[in-house]
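Student: Let me see the structure of the following:
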Amino acid sequence: MDKRVLIVATSRKTRGGITSVIKAHEKGAQWNKYSCHWVQTHRDGPAWRKILYFLSGMADFLVRLPFYDIVHIHTADYGTEKRKRIFARITKLLRKKLIIHLHSSDPKDSIGGKYRDLYDYSFNHADKILLLSNEWKKVASRAFPANISKMDVLYNPCPSVEKGNPDMKHPYILYAGTVNTRKGYHDLLNAFAMINKSHPDWTIVFAGNGEIDKGKELAEKLHISHQVKFVGWVAGEDKDRWFSNASAYCLPSYSEGFPMGVLDAWGYGLPVITTPVGGIPDVAVNGENMLLFAPGDIDGLSRQLSCIMDSPQVRQALTNASKKFSEQDFNINTIANKLDLIYSEL
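Tutor: This is a model prediction of the structure:
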């Protein structure tokens with residue numbers, strides 16, 4: 001009889017990368033094979049809702065834990081780990097196998113900065129530690145050298161979606177993710193303002209919640225608001241439409257784990273412009289499978305935007321590269337098979 005796995009993570013109603021990852025994992029063959037159950041411990045919103053979700057998640061966890069063999073905890077930055085280490089302690093108290101899966105967006109906010117000691121229990125008592133990339137494994141190895149043998153890399157998967165019709169593409173570049181400083185939305189606006197007059201038919205579309213009012217103010221200040229759209233958080237059919245019709249995807253981020261926006265773009269076969277942060281350096285070859293620029297390099301970003309806008313040949317070559325990513329190393333079946341192996345080894 002196959003073992004049973006409890007997945008401890010944020011709510012399926014939360015907007016963010018971890019929720020997207022778990023939803024992708026649900027589609028893998030390992031989910032039913034190991035009778036996986038998603039314990040939902042947190043949801044965005046007012047304090048009362050957060051407390052309610054934590055308490056209901058803990059109740060669900062305590063009721064089920066005696067009947068499960070492995071606990072797979074998805075954790076991230078400081079606030080998340082404060083909650084999740086409680087689940088880790090209970091897991092080991094009942095002598096269950098423990099997997100710690102780190103989704104931090106920036107080492108300084110987790111194991112590579114002042115909060116490093118917060119992760120001591122989880123990392124030192126885990127039976128397996130999963131990191132999002134080789135770059136993150138290097139960070140974890142420096143922070144917890146005694147636990148290197150427990151560490152493994154598990155990439156986030158691309159979504160399984162229908163690729164857009166090349167004849168239906170619209171001349172816009174999509175930014176999908178939280179609109180905040182860390183993800184560099186302001187750099188994208190400033191870079192586009194340098195070239196928008198020479199590309200009057202093109203627009204930038206921001207799909208995400210966050211600093212939307214600030215973004216609109218900056219677009220007005222730069223005199224590009226007529227070529228910029230903020231459509232808010234998108235999901236379901238709206239998300240599918242914005243991704244399917246886009247001509248390219250851009251994420252000018254300063255730090256990441258392995259950005260789900262890029263994985264979504266690969267899933268839809270979009271050319272990608274991004275920064276070499278988080279897990280991107282594991283696979284990026286500038287000019288071959290994506291276009292890169294340094295975080296904060298607005299001149300470099302404007303050149304890469306022009307390259308995408310001016311050349312259908314470049315767009316097609318990068319589209320082919322994105323499809324290859326989604327069909328091979330980052331395919332949901334590839335990731336599911338590796339996760340199956342990890343569970344079976346425990």
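Student: for the residue nearest the centre of the chain, phi and psi?
Tutor: Nearest to the mean C-alpha position of the chain, by C-alpha atoms, centre = their mean, lies Met260 at 3.0 Å. With angles defined as degrees, to the nearest 10, Met260 sits at phi -70, psi -30.
Student: Spatially nearest residue to it (excluding sequence neighbours)?
Tutor: Gly17 (4.3 Å; C-beta to C-beta, 6 or more residues apart in numbering). Every residue, glycine included, has its C-beta placed from N, CA and C.
Student: Please apply the same query to Leu131.
Tutor: Per C-beta to C-beta, 6+ apart, closest to Leu131 is Lys137, 4.6 Å.
Student: in the helix or strand in which that neighbour is found, what counts as buried?
Tutor: Using DSSP states H and E, Lys137 falls within helix 134-143. Neighbour-count burial for helix 134-143 flags Glu135, Trp136, Lys137, Val139, Ala140, Ala143 (criterion: 16 or more other C-beta atoms under 10 Å).
Student: which ones are touching Leu65?
Tutor: Neighbour list for Leu65: Leu6, Val71, Ile90, Thr91, Leu94, Lys96 [criterion: C-beta atoms under 8 Å, 6 or more residues apart in numbering].
Student: The second one belongs to a strand?
Tutor: Just to be clear, that refers to Val71. Yes - counting by DSSP: H, G, I helix; E, B strand; the rest coil, Val71 is found in a strand.
Student: I'd assumed His101 was in a strand, is it?
Tutor: Yes - judged by three-state DSSP, His101 forms part of a strand.
Student: Point out where the stretch 151-300 of the chain drops to low pLDDT.
Tutor: 163-167 (pLDDT under 70).
Student: returning to what we had before: what's the closest of the contacts of Leu65 to Asn245?
Tutor: When the contacts of Leu65 are compared for distance to Asn245 (C-beta to C-beta), Leu6 wins out at 39.2 Å.
Student: ok, Ala47 - how many residues close by?
Tutor: Number of residues near Ala47 (other C-beta atoms under 10 Å) recorded here: 7.
Student: Look up how far Arg85 lies from it.
Tutor: Ala47 sits 21 Å away from Arg85, going by C-beta to C-beta, to the nearest Å.
Student: circling back: correct me if wrong: the residue nearest to Met260 contacts Ala176.
Tutor: No - counting by C-beta atoms under 8 Å, Gly17 stays clear of Ala176, with 11.5 Å between them.
Student: just to revisit the earlier point, who are the neighbours in contact with the residue nearest to the centre of the chain?
Tutor: Gly17, Ser20, Val21, Asn156, Gly177.
Student: Next: Ser141.
Tutor: Ile148, Met151.
Student: For Ile204, what are phi and psi?
Tutor: Here the main-chain torsion angles of Ile204 (degrees, to the nearest 10) amount to phi -110, psi 130.
Student: Report the buried residues of the host helix or strand of Lys324.
Tutor: Element membership of Lys324, judged by DSSP H and E, is helix 312-327. Buried residues in helix 312-327, defined by neighbour count with 16+ other C-beta under 10 Å: Val314, Arg315, Leu318, Thr319, Ala321, Ser322, Lys323, Phe325, Ser326.
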